[in-house]
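Novice: Sequence first, predicted model second:
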Amino acid sequence: MDCGEIGYSNFKVLQPDPHGFDGDRDGTGCEVGSTQPSYPSQVCSGNARCIVGKVTQVIDGDTIKVDEQSIRFALAFAPELNEFGGDTAKEFIEEICPVGSIATVDEDDGQTEGSYGRIIGVIYCNDLNLNEELLDASLGYLSSEFCSVSEFSSSSWAQKYGCTTTCDPSYPDVCIAPYPPDLDCGEIGFSNFRVIQPDPHGFDRDQDGIGCEVGSPSEPVQPTQENNCDPSYPDVCIPVYPPDLDCGEISYKNFKVLQPDPHGFDGDKDGIGCES
């Protein structure tokens, strides 16, 4: 229940406070004049689950727990905790949505299969869209390979960071927004992809047909179910996406990564995954 559904305010609350009336944990529920938000189900879109609950843990920069259920941010990815920027991203989410806050989870209609028991969705907390805030703070990146399946790919924030509805034909194997505006390699989530002239963004400076080269040039890999090992990780055997995996869910470290890196193990795009 929410405060608007009961006839009381400013009453004493003891933990565990199952309804979440005492969001700031000061022992008083439904405080008059309080700025505590209460998100009704109307903020959710689509037909998948709409969950309102209390934040019980911030796992990392793109995964939190709401009422002990793990929620993975849709489209927005943060570096792993053992990668550069991982701790900063987690601390940022903890600051804007601390444990004890009331959050609404809008499950992604296009990814209801989840990821290793985690719900994938957009999270609203303290009047903020956490997925969008992570990207706006430049502490994460949008993984555009999921734009084709995500319910939220047409959202303004997703469009802003890479879920474009129009793809430039100079880059036939990836979806990159047409010029203008001009984009640099650091502003997209791809490397070592095929380029056909006129290459308006100038990704292929040496005109060898490969854009944003990292390490040894290679053609973009395509996932295959042949042996259940994703070819983006040629030196180890990691299952293909879906479901999405994090570094903490596999036993490999410092392994070679080729794009498109569907699991997002190579957050800094240096060709090495789950660096330790």
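Specialist: Looks like it arrived, so ask away. Residues are numbered from 1 along each chain as shown.

Novice: Could you pull out the helices in the stretch 51-200 of the chain for me?
Specialist: Ranges of helices in the stretch 51-200 of the chain, per DSSP state H, counting those that start in this stretch, are 86-96, 130-136, 156-160.

Novice: what's next to the second one, contact-wise?
Specialist: For helix 130-136, the surrounding residues in contact (CB atoms under 8 Å, 6 or more residues apart in numbering) are 61-62, 64, 73-76, 78, 89, 92-93, 96-97, 122-124, 140-142, 152, 157, 160-161. C-beta: built from backbone N, CA, C; applies to glycine.

Novice: What mean pLDDT does stretch 184-199 get?
Specialist: The average pLDDT for stretch 184-199 rounds to 83.

Novice: Now it - C-alpha only, CSV.
Specialist: Presented in CSV, the C-alpha positions along stretch 184-199 are these (Å, rounded to 0.1, in the frame of the first residue of the first chain):
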residue,chain,number,x,y,z
ASP,A,184,33.9,9.9,-32.6
CYS,A,185,34.9,6.3,-31.8
GLY,A,186,34.7,7.0,-28.1
GLU,A,187,31.0,8.0,-28.4
ILE,A,188,29.8,4.7,-29.9
GLY,A,189,29.9,1.1,-28.6
PHE,A,190,31.5,-0.5,-31.6
SER,A,191,35.0,-1.3,-32.8
ASN,A,192,36.6,-3.2,-35.7
PHE,A,193,33.5,-2.9,-37.9
ARG,A,194,33.1,-2.8,-41.7
VAL,A,195,33.1,0.7,-43.3
ILE,A,196,31.9,1.7,-46.7
GLN,A,197,32.7,5.1,-48.2
PRO,A,198,31.9,8.0,-47.9
ASP,A,199,32.3,7.3,-44.1
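
Novice: contact partners of that stretch?
Specialist: Contacts for stretch 184-199 (CB under 8 Å, 6+ apart): 141-145, 162, 169-174, 176, 201, 203-204, 207, 209-215, 217-220, 258-260, 269.

Novice: Can you get me the centre-to-centre distance for that stretch and its chain?
Specialist: Remark: stretch 184-199 is offset 22 Å from the chain centroid, using CA atoms, centre = their mean, to the nearest Å.

Novice: Buried members of the contacts of helix 130-136 into ChimeraX, please.
Specialist: Buried subset of the contacts of helix 130-136, written as a ChimeraX selection, criterion 16 or more other CB atoms under 10 Å:
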select :61,62,64,73,74,75,76,78,89,92,93,97,122,123,124,140,141,142,152,157,161
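
Novice: quick one: low-confidence ranges for this protein?
Specialist: 32-42, 165-166, 189, 215-227 (pLDDT under 70).

Novice: quick one on the thing from earlier: pick the most buried one from the helices of the stretch 51-200 of the chain.
Specialist: By mean neighbour count, with neighbours taken as mean count of other CB atoms under 10 Å, helix 130-136 ranks first of the helices of the stretch 51-200 of the chain at a mean of 22.

Novice: chain center to that one, what's the gap?
Specialist: 9 Å.

Novice: what sits against the closest residue in space to Y161 that isn't next to it in sequence?
Specialist: Computed as CB to CB, 6 or more residues apart in numbering, the closest residue to Y161 that is not its neighbour in sequence is L142, at 3.9 Å. Shown in contact with L142 (CB under 8 Å, 6+ apart): 75-77, 135, 158, 161-163, 189.

Novice: ditto for A78
Specialist: Contacts of A78 (CB under 8 Å, 6+ apart): 60-62, 85-86, 89-90, 134, 139-140, 267.

Novice: Bridge partners for the nearest residue to C44 once chain neighbours are set aside, pull those for me.
Specialist: Nearest residue to C44, sequence neighbours excluded (CB to CB, 6+ apart): C50, at 3.5 Å. Per DSSP bridges, the residues bridged to C50 are D106.
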